[in-house]
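A.B. asks: Take a look and give me a structure for this.
(2 chains, ligands or ions: 2)
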Amino acid sequence: MPEFTMAAALNAALADALEEDPRTLVFGEDVGELGGVFRVTDGLQRRFGRERVFNTPIAEAGIAGLCVGLALTGWRPIAEIQFDGFSYPALDQVISHLAKYRMRTRGRVSMPVVIRIPSFGGIRGKEHHGESPETYFVHTAGLKVVVPSSPLDAYTLLRKAITDPDPVVFLEPKSRYWAKEEGELTSDGLPIGRARVLRNGDACALVAYGAMVARCLEAAEKLAPEGVECRVIDLRSLVPLDVEALADAARETGRVAVVHEAPQTLGMAAEIAARVMEVAFDHLEAPVARVTGLDVPYPPASLEHRFLPSVERIAAAVRRVVDY
Amino acid sequence: MRDTGPSDDMVRHVAPDGTAVGDVDVGLDEGDLRELLRLMVRARRLDRECMALQRQGELTVYPPFEGQEAAQVGSAFALGPSDFVFPSFRELAAAIARGVDVVEYLQYHRGTWHGGAYDPIAARFAPICVPVATQIVHAVGWALGAKLDGIGACALAYFGDGATSEGDFHEAANMAAVFRVPVVLFCQNNGWAISVPLSEQTAVPIARRAGGYGFPGVRVDGNDVLAVYAVTRAAVERARAGEGPTLIEAITYRIGPHTTADDATRYRAPEEVERWRRLDPIERYRRFLLGAGIVGEEFVAACEAEAEAWVAEVRTAVTALGPPPEDEMVAFAFAEPPTTLTREWRERTDA
Ligand SMILES: Cc1ncc(C[n+]2csc(CCOP(=O)(O)OP(=O)(O)O)c2C)c(N)n1
Ligand SMILES: [Mg+2]
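C.D. replies: Numbering: from 1, shown residues only, chains lettered A, B, ... in the order given. Ligands and ions are numbered 1, 2, ... in the order given. The predicted structure is shown next:
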């Protein structure tokens, strides 16, 4: 069985899309010769030429605006923003145009655009290199937002994002770029909008995405000897949200804990808690728990471990929910 | 690949071989002339130490500035005590020249405090700024405030060639001109923005952009510390006299990688680096000072010894830096932390 890192799987997804669809383009800062700062676009410029894979000047608003214009001429842009913290200059174009174009044109114009953003913390990174920007995008109606947690699913999700008729913000958990997984790459897997269950259990459901999925699996492993079996749900898709999977988990376990790196206030956990309450209130045995980042700017490397959810903090939350 | 050869339209006072070009009197006395060398020697020695410290796991990712010492020291030296610097993330040499506490500065790279731990108001040096070009607008805002207050001081923003592609650069330059504020826009054109060469970043020489905004643009040999000092000094005086902004494009080169996380051999030829090594700013200035009889070899040796001793102290202090108290991330986020936050923190620390 072949083995892939997430960076390699994403690279393969881009290469296969460029190969299959001559209307796809890959661009961003340093994506050419260098192959991107995480090497996700490694070798693509040499293989597909400088017209289809190219560096842009340092201009994130420009990159996002370019996507809109290219989509209007029938191209399928796949843009890279170098890091989470540098996606903010692009927000105006993303919020004001990319997300609204279909509706404003009465459905006449599609924006089949993918914006890839290496995101989240946990790499002892510099300031602006550990942000969790998902809420900004999730809260912007008209965008789809996906986050892979493992190499094989990263491939599937990216292929699906590229063929999607609507704009997809693709957040890559940079702390998982070098994690490996064995198996075959396929573009036929689970669609955008569906969560997956990675571990079964009836005591509590742990809901996460990106790098926190691995931490939840670790926490579940740690709790099993205590007789606490957790169901671990990898959301994959933040918009659309798989409310059915959440409802099933709440009905079958009665307990839900949501884990994310982003600060607590208006993070995904807030939305998930509300949805679970709406669809499964009668089944809940305990309030939905939130294990999240703090409501402060992302701290320097030496305090990162106190900001991010740890395996211990996740396990403690599960115990609290179970003992409620 | 861009043309990295010497250009005729740049201001230059000292040729790469250390000989004077025309009138080298830039209005500095011999003490100041010696100080420029001393600062550049210190800066390089510390930069190399930081590279080593990063490799030893004592610093997080570090962006070296070797090759850019003259551009930074020469320009920072032209400022007065009440002027204010807005750096990007590669201006440790400028910080040294401004007298910023380098151990506090290096807290940034140690990963113990974002932006550096120095007091920006007291140091007249804004926090280290990573989002490219954003600090240029702050400089214009500061200059507007200074103009309104009539304090006769000026702001200087450092940024790279790549930064000129951002909307913030354009907005800053335009507002600086429209408000006619006392600001110097100091671009260190080091030829590269990570892996992207200047030719893929801009289609015209950067200094020429100034004309489009309505203020002067000056190209200077960024590896000639006297020329950098002279053009910056003139821009500062112009700003203080109420004549508005100046854009300075200092032509220089980043000898090292973009950061310790970068492998520059993936995108640039070793010959190009070699060519620039021969244009080394410190060696050039050393030869000039020796040739002009301003210093002797023993002064150069003393500078190096002094830098060595200073860096040893900095090293000891930096490696002794532990993580800050954990509750500082809560304490400094707001003047008065919201109760939701204090509760979150209490739950976390109780757990
Ligand atoms: C808004 C923003 N986009 C992207 C980055 C990532 N990045 C960091 S440095 C850099 C290149 C900067 O080049 P230049 O302005 O020439 O400065 P130099 O690194 O050469 O000093 C890039 C793209 C960033 N820090 N900020
Ligand atoms: Mg540069």
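
A.B. asks: didn't A:A154 look like it was pressed against A:L171?
C.D. replies: No. Contact between A:A154 and A:L171 fails when scored by C-beta atoms under 8 Å: they sit 10.9 Å apart. All C-beta spots, glycine's among them, are computed from the backbone N, C-alpha and C.

A.B. asks: what about the residue in the stretch 51-200 of chain A that ligand 1 sits nearest to, neighbour count?
C.D. replies: At 3.6 Å from ligand 1, A:F86 is the closest residue in the stretch 51-200 of chain A, using C-beta to the nearest ligand atom. By other C-beta atoms under 10 Å in any protein chain shown, 22 other residues sit near A:F86.

A.B. asks: From what I see, it and B:P131 are in contact.
C.D. replies: Yes. The pair A:F86 and B:P131 passes the contact test of C-beta under 8 Å, sitting 6.4 Å apart.

A.B. asks: Give the residues shared as contacts by those two.
C.D. replies: A:H128 (C-beta atoms under 8 Å, 6 or more residues apart in numbering or on different chains).

A.B. asks: Please, where are all the helices along chain A?
C.D. replies: A:6-20, A:44-48, A:60-72, A:91-93, A:101-104, A:134-138, A:151-163, A:211-223, A:243-253, A:268-280, A:304-307, A:311-322 (DSSP state H).

A.B. asks: Mean neighbour count added to these, as CSV?
C.D. replies: CSV is the format used below for those (neighbours: other C-beta atoms under 10 Å in any protein chain shown):
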stretch, mean neighbour count
helix A:6-20, 21
helix A:44-48, 17
helix A:60-72, 20
helix A:91-93, 17
helix A:101-104, 15
helix A:134-138, 21
helix A:151-163, 24
helix A:211-223, 23
helix A:243-253, 19
helix A:268-280, 18
helix A:304-307, 19
helix A:311-322, 20
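
A.B. asks: list the contacts for A:A208?
C.D. replies: Counting by C-beta under 8 Å, 6+ apart, A:A208 has contacts A:S149, A:R215, A:C216, A:V232, A:I233, A:D234, A:L235, A:V258, A:V259, A:H260.

A.B. asks: Kindly state the beta-bridge partners for the fourth one.
C.D. replies: When you say that, I think you mean A:V232. When bridges are called by DSSP bridges, A:V232 pairs up with A:R199, A:L206.

A.B. asks: That one: neighbouring residues, count only.
C.D. replies: Neighbours of A:V232 (other C-beta under 10 Å): 26.

A.B. asks: so it makes contact with A:L198?
C.D. replies: Yes. In this structure A:V232 lies within contact range of A:L198 using C-beta under 8 Å: 4.7 Å.

A.B. asks: what residues are shared contacts of these two?
C.D. replies: Residues touching both A:V232 and A:L198 comprise A:V213, A:L217, with contact defined as C-beta under 8 Å, 6+ apart.

A.B. asks: and the closest residue to ligand 2 within chain A, how many neighbours?
C.D. replies: Minimum separation of chain A from ligand 2 (C-beta to the ion) falls at A:I58, amounting to 9.5 Å. Residues within reach of A:I58, counting by other C-beta under 10 Å, total 26.

A.B. asks: How about B:A234?
C.D. replies: The burial count for B:A234: 18, using other C-beta under 10 Å.

A.B. asks: burial count for whatever residue of chain B ends up closest to ligand 2?
C.D. replies: Closest residue of chain B to ligand 2, C-beta to the ion: B:G160 (3.6 Å). Using other C-beta under 10 Å, B:G160 is surrounded by 25 other residues.

A.B. asks: and it, what is it in contact with?
C.D. replies: B:S88, B:R90, B:V132, B:C187, B:Q188, B:N189, B:N190, B:A193.

A.B. asks: and ligand 2, which of these contact it?
C.D. replies: B:N190, B:A193 (C-beta under 5 Å from the ion).

A.B. asks: of the contacts of B:G160, list those near ligand 1.
C.D. replies: Filtering the contacts of B:G160 for proximity to ligand 1 by C-beta under 6 Å from any ligand atom leaves B:R90, B:V132, B:N190, B:A193.

A.B. asks: Hmm, the residue of chain A closest to ligand 2 is touching A:G28, no?
C.D. replies: No. Counting by C-beta under 8 Å, A:I58 does not reach A:G28; the two are 10.2 Å apart.
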